[in-house]
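Visitor: Provide a 3D model corresponding to the input given below.
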Amino acid sequence: MWEVVTSNGNNIKSDRQKVLGGWIVRTFKSDAYGRREEQSFVSDPAHEWKVYKEPFKTKTKVL
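Guide: Residues are numbered from 1 along each chain as shown. Next up, the predicted model:
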């Protein structure tokens with residue numbers, strides 16, 4: 001099962017899936033030229049890679 005690693009709006013999204021010896025990471029990118037998908041293998045035999053949620057960002061008002 002794919003697990004979301006990070007996303008940046010609708011333009012960039014990365015997912016990972018546990019496989020023997022590590023992770024398959026796929027990244028979807030879209031821009032004015034279309035949509036691309038890239039895949040990479042990340043070695044992590046013990047599957048220790050933790051994904052932490054980013055804190056919610058708020059806009060601050062500049063006075």
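Visitor: where are the low-confidence patches of this protein?
Guide: 53-63 (pLDDT under 70).
Visitor: Strands of that one, residue ranges please.
Guide: For the chain, the strands defined by DSSP state E cover 3-8, 12-19, 22-31, 34-43.
Visitor: What helices and strands are in contact with the first one?
Guide: When you say that, I think you mean strand 3-8. On a contact count with 3 or more C-beta pairs under 8 Å, 6 or more residues apart in numbering; DSSP states H and E, strand 3-8 meets strand 12-19. From N, CA and C alone the C-beta is placed, and that goes for glycine too.
Visitor: what's the strand it packs on packed up against?
Guide: Using 3+ C-beta pairs under 8 Å, 6+ apart: strand 12-19 touches strand 3-8, strand 22-31.
Visitor: At the geometric centre of this protein, which residue sits there?
Guide: residue 14 (2.6 Å; C-alpha atoms, centre = their mean).
Visitor: can you tell me which residues contact that residue?
Guide: 4-7, 25-28 (C-beta atoms under 8 Å, 6 or more residues apart in numbering).
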